[in-house]
Structure formats: C-alpha cells, structure tokens
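A.B. asks: sequence plus the predicted model coming up.
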Amino acid sequence: MIEDEDGKRLAGKHKYLGTATNNQAEYRALIAGLKAVSEWKPDHLEIYLDSKLVVEQMKGKYKIKEPRLQVLHKEAKELFDQFPSKSIGHIERERNKGADWLANLAIDEHVKKPKAPG
C-alpha cells in the first residue's frame with residue numbers, strides 16, 4: 001500500500017507469488033512498492049513493514065544468511081538507496097491490516113473455488 005503524508009491511499013497492489021516464505025514475500029512487496037513509488041519522486045519516503053527481520057536486514061543490523069533473501073535484499077537495497085530522504089521501520093501486523101488484506105486477496109484470487117454440484 002502506498003499512502004501520502006495524510007494517510008490517503010495512492011495505490012494498493014497485490015500479486016500472487018506462489019510458494020514463498022513470509023520474508024521472501026515481504027521483500028518482493030518492498031521491491032514492488034519501491035518501484036511504484038519511484039515514479040512520484042517523493043521528498044521523503046517512510047516505509048513500514050510487519051517483518052522485523054526484513055526491517056533489521058535493510059538497516060544492516062541483521063545478517064542475511066539465506067541465499068534467496070540475499071538476492072532480494074540486494075535488489076531492495078539498491079532501490080531504497082535511490083531515495084535521498086527515507087526511513088524504514090517495523091509495524092505490528094495488527095496495525096497493518098490494509099497490506100495484510102491485499103496479500104490475502106492475492107491468494108484468494110489464485111485459489112480455485114470449487115464448483116457447485118449440479
């Protein structure tokens with residue numbers, strides 16, 4: 001979800017990723033969001049993720065041991081570093097319901113619904 005400084009939603013995107021860990025999905029969402037917001041060239045960018053691990057890895061406080069996360073981290077970091085004024089922080093999942101709803105929507109749209117008998 002992309003919102004302006006007043007909390008107005010500018011964009012809300014979702015995409016089915018297939019089999020992925022929560023952290024892989026979080027990195028992919030971060031990358032998609034950074035690509036989307038780069039078009040607006042904001043004066044300041046604030047990012048909130050409900051994965052504390054990804055936040056701390058992006059801040060350089062946690063090492064990244066898993067090779068697939070290393071690749072995703074590298075791409076996210078290159079995009080993130082293009083913004084001159086930015087911050088990244090953790091938000092509790094309970095306070096991130098809009099993004100959680102979009103993630104569930106992507107899964108629900110992909111799962112085939114059983115046909116009614118008849």
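C.D. replies: Nice, I can see it. Here the structure is a predicted model, which is why all the values come from computation and not from measurement.

A.B. asks: please count neighbours and contacts with C-alpha atoms only from this point.
C.D. replies: Will do.

A.B. asks: outside of stretch 42-57, which residues touch it?
C.D. replies: 23, 26-27, 62-64, 73, 83-93, 96 (C-alpha atoms under 8 Å, 6 or more residues apart in numbering).

A.B. asks: now, which of the residues you listed lie within strands?
C.D. replies: In strands, judged by DSSP state E, the following of these are found: 86-90.

A.B. asks: just the buried ones out of the contacts of stretch 42-57, please.
C.D. replies: Neighbour-count burial (16 or more other C-alpha atoms under 10 Å) applied to those gives 23, 26-27, 64, 73, 83, 88-89.

A.B. asks: which parts of stretch 32-46 are buried?
C.D. replies: So for stretch 32-46, counting by 16+ other C-alpha under 10 Å, buried means 32-34, 45.

A.B. asks: what mean pLDDT does the longest helix that the chain contains have?
C.D. replies: In the chain, ranked by residue count with DSSP state H as the criterion, the top helix is helix 22-38. In this model, helix 22-38 carries a mean pLDDT of 90.
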